[in-house]
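# coords please:
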Amino acid sequence: MGSLGLCLRLKRLGEQITQDARRLYRELNLDIEPGWNSILLMLEQEPQGLGVSQIARNLGISHPSASVTVRQLVTRGYVDLASDPSDGRRRVVQLSDKAVAELPEFKRIWDAFERSMQDVINAAGDNVFEVIAGLESELRNRSMDERTMDQIDLVVQHHGPAEARPALTEDSTG
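Presented below is the predicted three-dimensional model:
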């Protein structure tokens, strides 16, 4: 698959970890979903609550994605929406009494899951976070579309415009 398969492999890896977490939660009869931990733990640190925009910004996710997760958390009773005391037009997300009561058990499970994940990382090689951080940094500095356009421009400079190049055939692709 080479480097083109990287996205697919990372996506499959993320999906597998998410499915494993979801199965674990079902086995333990926990009424939560993978990915909720970040918001619940963030709100635990901010008892006055946070706006959805703040949650999205803090997690580095889109506002619509944060909004969907907050709606799911409201539906399951883990967060409440309240008026912001400093701006009545704005709503803030706060932990519900249910979440406060269940958070210690959730944290116990999340800590065990994190230790298990660290075991997997250690077995695979400790530099996985460095590699991921490097990829993230490189792509923040210069996106894949910009990099690819440069590569296309190099081909055009070397071979001429597409219509001047011979069409690829099975024989010419090796």
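# tell me which strands and helices the top strand by length along the chain is in contact with?
The longest strand of the chain (DSSP state E) is strand 87-95. The helices and strands touching strand 87-95, judged by 3 or more Cβ pairs under 8 Å, 6 or more residues apart in numbering; DSSP states H and E, are helix 36-45, helix 52-59, strand 79-84. No exception for glycine: its C-beta is placed from N, CA and C like everyone else's.
# okay if I get these as CSV plus distance to residue 148, mean neighbour count and mean pLDDT?
Shown next, in CSV, are the helices and strands packed on strand 87-95 (distance: least, Cβ to Cβ, whole Å; neighbours: other Cβ atoms under 10 Å; pLDDT from 0 to 100):
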stretch, distance to residue 148, mean neighbour count, mean pLDDT
helix 36-45, 31, 17, 96
helix 52-59, 28, 17, 96
strand 79-84, 41, 16, 91
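# picking that back up, tilt between the longest strand of the chain and strand 79-84?
Angle, strand 87-95 to strand 79-84, by axes from the mean of the first three to the mean of the last three Cα atoms, to 10 degrees: 160 degrees.
# re the thing from before, same list (the helices and strands packed on strand 87-95) but as a markdown table, adding distance to residue 70.
Output for those, formatted as a markdown table (distance: least, Cβ to Cβ, whole Å):
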| stretch | distance to residue 70 |
| --- | --- |
| helix 36-45 | 7 |
| helix 52-59 | 6 |
| strand 79-84 | 6 |
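# among those, which is nearest residue 2?
Nearest to residue 2, of all the helices and strands packed on strand 87-95, is helix 52-59, at 31.2 Å by Cβ to Cβ.
# gap between that closest one and the chain center?
Relative to its parent chain, helix 52-59 has a centroid offset of 13 Å by Cα atoms, centre = their mean, to the nearest Å.
# ok, residues contacting it?
Helix 52-59 is contacted by residues 38, 39, 42, 50, 62, 63, 65, 66, 67, 70, 91, 93 when judged by Cβ atoms under 8 Å, 6 or more residues apart in numbering.
# nearest to residue 150, of the helices and strands packed on strand 87-95?
Across the helices and strands packed on strand 87-95, residue 150 has its closest neighbour in helix 52-59 (30.7 Å, Cβ to Cβ).
# could you point out which element follows that closest one?
helix 63-75 (DSSP states H and E).
# Ramachandran coordinates for the residue most central in space within the chain?
The chain has residue 61 as the residue nearest its centroid, 7.2 Å off, counting by Cα atoms, centre = their mean. Residue 61 adopts backbone torsions of phi -120, psi 170, taken as degrees, to the nearest 10.
# residues in contact with it?
Going by Cβ under 8 Å, 6+ apart, residue 61 touches no other residue.
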